[in-house]
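Engineer: Quick one, structure for this:
(one chain, ligands or ions: 1)
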Amino acid sequence: MPNKVSYDAVVVGSGPNGLAAAIRLAQEKLSVLVLEANDTIGGGTRSAELTLPGFTHDLCSAVHPLGIASPFFRKLPLERYGLHWVHPEFPLAHPVEGEVAAVLQRSLDKTAESLGADQAAYVRLMAPLVGQSEDLSSEFLQPILHWPKHPLPLARFGLHAIQSAAGLIHKKFTAAPARALFAGLAAHSFMRLEDIPSAAIGLVLGMLGHSAGWPLPRGGSQRIADALAAHLRFLGGEIRTGLRVEHLDQLPLARATLFDLTPLQLLLLMEEKLPGSYRRRLGRYRYGPGVFKVDYALTSANPWRNESCCRAGTVHVGGTFEEIAASERKVVEGKIPDRPFLLLAQPTVVDQTRAPAGKHIMWAYCHVPNGSRFDMTERIENQIERFAPGFRDCILARNTMNCEAMEAKNANLVGGDINGGAFDLRQLVARPIFSATPYRIPVPGYYLCSSSTPPGGGVHGMCGFYAAEAALRDCFK
Ligand SMILES: Cc1cc2nc3c(=O)[nH]c(=O)nc-3n(C[C@H](O)[C@H](O)[C@H](O)COP(=O)(O)OP(=O)(O)OC[C@H]3O[C@@H](n4cnc5c(N)ncnc54)[C@H](O)[C@@H]3O)c2cc1C
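Structural biologist: Just a heads-up that it's a prediction; the model follows:
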């Protein structure tokens, strides 16, 4: 890379946060260059024919409640560039045992009706959140250290959120379906369900299921990255792929440099330049468990025993609250669960462009200890077969990825951690450090903009947005 060329800003990494940061800067008419290590853009939002020709799988993200609710994405004309959200009839189904399943529908009341004894308790818990969903989303999707614009709804949310999922479940619900439903939502946190604040993730995802939906981009999650990239180019930004940045001297001159990287990579890249106290703080940053993922090409739709599961975009597979809690506890303790909790998506339920006529795809992953090389394929398939007898007969082809394979495809997935660092109480407030502007690297002109900064993991671009805002304040005023 010739050093003579200069830009106002350079962004390293083209994940949703890198692209969001680049767009925010280009909106201010700054010249922006994005550098991406892989040959394709998008980081955690990429799609490819992982199994057979004609079957379009998502390498990482598939389902996007945070994408559709993102205050920044919502302001961008992404539809013009081919991003169309498609909503399954049901955002989420959760088979509990036999033919019994909890179903999260867009309608709060219909969801509650299906929860029997917990009908009123579910409405009491969720209705105030769903009613204030837009205000609450804008509060969560920014650094936790800020003056809230909506203090009352936020305080009400906080009372429920600052507890463990297990604690909330014991207090609120008595029957298996509601207990399992909330456990599955909270398990997205990668935490033990006995740990604080695992309830927070369950509440946010449940709330968004009702207010915004859990949509998928038609054609696959690559469409999110492609639409962001097209908008960036429209604003004058440039993107170069196939360039892994390993030394700062590979970078062109720029007034601001933003890294869509995690602390480990930042330490490798900038170690000597960083003040000792910041280096030590980054050194204490913790990564969470990893994932083992399987993508399937199927001859037909998955034969779920419970019919609602056939109409849901996402299915949580793991049975009861107690089973899910046991599985997640084992992972955090560094052990491999026999009956893993699965997050499973069925894009072809709502988007037939993803597979040849009549055929289907399925995406499933489970949590494993960080860096695990254990092959979970059989355990994952046993779990699916338990709720969909005959599933194995539908498999045309599969592609598996363990933690190592995930990291090889994207260096940000350290040890298979998909969120850029553990989500726990400490890293909820100190991500990666405790600061009102945690995006700022204490070397003038350098910023971190990945999911290792607030508000953390998921495809929403808000880490990139806030990092770009910090750079605009510091470098371009
Ligand atoms: C299996 C899996 C399933 C997921 N499911 C969902 C989901 O359903 N919904 C959801 O909202 N989120 C999901 N996520 C999480 C989501 O993908 C991430 O939180 C999101 O992509 C983070 O965005 P980012 O921009 O911070 O980083 P990333 O998307 O990881 O992008 C980082 C980019 O930087 C590049 N890079 C790294 N090092 C260098 C370097 N040295 N030089 C140049 N480029 C470099 C990488 O190649 C990559 O393109 C999932 C993630 C995984 C892995």
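
Engineer: what residues does the stretch 201-350 of the chain put near the ligand?
Structural biologist: Neighbours of the ligand within the stretch 201-350 of the chain, by Cβ under 6 Å from any ligand atom: 244, 245, 260, 261, 265, 291, 293. Using the backbone N, CA and C atoms, a C-beta is placed for each residue, glycine as well.

Engineer: quick one: which of those residues has the most company?
Structural biologist: Highest neighbour count within these, by other Cβ atoms under 10 Å: residue 260, with 33 neighbours.

Engineer: quick one: that residue and residue 20 touch, right?
Structural biologist: No: under the criterion of Cβ atoms under 8 Å, residue 260 is not in contact with residue 20, lying 9.2 Å apart.

Engineer: which residues do these two both contact?
Structural biologist: Taking Cβ atoms under 8 Å, 6 or more residues apart in numbering as the contact rule, residue 260 and residue 20 both touch 449, 464.

Engineer: Quick one: distance of stretch 366-374 to the chain centre.
Structural biologist: Computed by Cα atoms, centre = their mean, to the nearest Å, the chain-centroid distance of stretch 366-374 equals 17 Å.

Engineer: Any part of that stretch near the ligand?
Structural biologist: No: using Cβ under 6 Å from any ligand atom, stretch 366-374 never reaches the ligand; the gap is at least 10.5 Å.

Engineer: Next, the residues that contact that stretch from outside, please.
Structural biologist: For stretch 366-374, contacts defined as Cβ under 8 Å, 6+ apart pick out 187, 190, 287-292, 327-328, 331, 334-337, 340-343, 376, 379-380, 402-404, 414-417.

Engineer: Restricted to buried residues, select those in PyMOL.
Structural biologist: Buried residues within those, by 16 or more other Cβ atoms under 10 Å, are selected in PyMOL with:
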select buried, resi 187+190+287+288+289+290+291+292+327+328+331+336+337+340+341+342+343+376+379+380+402+403+414+415+416+417
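
Engineer: Mind jotting down where the strands sit in the stretch 101-250 of the chain?
Structural biologist: Here the stretch 101-250 of the chain has its strands, by DSSP state E, counting those that start in this stretch, at 216-217, 238-240.

Engineer: Buried deepest among these, which one?
Structural biologist: Stretch with highest mean neighbour count among those: strand 216-217 (a mean of 31; mean count of other Cβ atoms under 10 Å).

Engineer: I'd like the average pLDDT over it.
Structural biologist: Strand 216-217 carries an average pLDDT of 98.

Engineer: I'd like the strands of the stretch 101-250 of the chain laid out as CSV, including distance to residue 298.
Structural biologist: Shown next, in CSV, are these (distance: least, Cβ to Cβ, whole Å):
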stretch, distance to residue 298
strand 216-217, 17
strand 238-240, 34
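
Engineer: among the residues of the stretch 201-350 of the chain next to the ligand, which are in strands?
Structural biologist: Taking DSSP state E, the ones among these that sit in strands are 291, 293.

Engineer: got the contact list for the closest residue in space to residue 13 that isn't next to it in sequence?
Structural biologist: Once flanking residues are discounted, residue 13 sits nearest to residue 260: 2.9 Å by Cβ to Cβ, 6 or more residues apart in numbering. Neighbour list for residue 260: 11-15, 17-18, 21, 43, 412, 449-450, 464 [criterion: Cβ under 8 Å, 6+ apart].

Engineer: go again using 10 Å as the cut-off
Structural biologist: 11-22, 34-36, 43, 412, 420, 447-453, 463-464, 467 (Cβ atoms under 10 Å, 6 or more residues apart in numbering).

Engineer: Surely residue 23 forms part of a strand?
Structural biologist: No: going by DSSP: H, G, I helix; E, B strand; the rest coil, the assignment for residue 23 is helix, not a strand.

Engineer: Against residue 75, how distant is residue 449?
Structural biologist: Distance of residue 449 to residue 75, computed by Cβ to Cβ, to the nearest Å: 18 Å.

Engineer: now residue 462
Structural biologist: Per Cβ to Cβ, residue 462 is found 12 Å from residue 75.

Engineer: Who has more neighbours out of the two?
Structural biologist: Neighbour totals were compared for residue 462 and residue 75, and residue 462 leads with 27 against 10 (other Cβ under 10 Å).

Engineer: Do I have it right that the more buried one meets residue 450?
Structural biologist: No: with contact defined as Cβ atoms under 10 Å, residue 462 does not reach residue 450; the gap is 11.5 Å.

Engineer: residues shared between the contacts of the two?
Structural biologist: Taking Cβ under 10 Å, 6+ apart as the contact rule, residue 462 and residue 450 both touch 16, 17, 456.

Engineer: Next, the buried residues of stretch 415-434.
Structural biologist: For stretch 415-434, the neighbour count (16+ other Cβ under 10 Å) marks 415-424, 427-428, 430-433 as buried.

Engineer: Then stretch 228-236?
Structural biologist: 228, 229, 230, 231, 232, 235.

Engineer: What residues does the fourth one make contact with?
Structural biologist: It refers to residue 231. By Cβ under 10 Å, 6+ apart, the contact set of residue 231 is 19, 22, 23, 26, 27, 76, 77, 78, 80, 81, 83, 237.

Engineer: separation between it and residue 247?
Structural biologist: Residue 231 is 30 Å from residue 247, by Cβ to Cβ.

Engineer: how about stretch 179-198: buried residues?
Structural biologist: Residues 179-193, 195-198 are the ones in stretch 179-198 that count as buried (16+ other Cβ under 10 Å).

Engineer: Let's see which of those residues end up in helices.
Structural biologist: The helices, defined by DSSP state H, take in 179, 180, 181, 182, 183, 184, 185, 186, 198 from the buried residues of stretch 179-198.

Engineer: which residues does the fourth one contact?
Structural biologist: The reference is to residue 182. Going by Cβ under 10 Å, 6+ apart, residue 182 touches 94, 102, 118, 122, 125-126, 165-166, 168-169, 172-173, 193, 199, 202-203, 205-206, 321, 324.

Engineer: Please repeat the previous calculation with a cut-off of 8 Å.
Structural biologist: 165, 168, 169, 172, 173, 202, 206, 321.

Engineer: does residue 277 count as helix, strand or coil?
Structural biologist: Taking three-state DSSP, the label given to residue 277 is helix.

Engineer: What about it, how many residues nearby?
Structural biologist: 10.

Engineer: swap in the one 3 residues further on?
Structural biologist: Using other Cβ under 10 Å, residue 280 is surrounded by 10 other residues.

Engineer: Show me what the helix or strand hosting it is packed up against.
Structural biologist: Element membership of residue 280 [criterion: DSSP states H and E] is helix 276-283. The contact analysis (3 or more Cβ pairs under 8 Å, 6 or more residues apart in numbering; DSSP states H and E) places helix 276-283 against helix 263-270.

Engineer: Would you mind putting the CA coordinates of stretch 203-211 into CSV?
Structural biologist: Provided in CSV are the C-alpha atoms of stretch 203-211 (Å, rounded to 0.1, in the frame of the first residue of the first chain):
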residue,chain,number,x,y,z
LEU,A,203,-35.9,-9.4,27.6
VAL,A,204,-34.4,-7.5,24.7
LEU,A,205,-34.8,-10.4,22.2
GLY,A,206,-38.3,-11.2,23.4
MET,A,207,-39.3,-7.5,23.2
LEU,A,208,-37.9,-7.2,19.7
GLY,A,209,-39.7,-10.4,18.6
HIS,A,210,-43.0,-8.6,19.3
SER,A,211,-42.2,-5.1,18.3
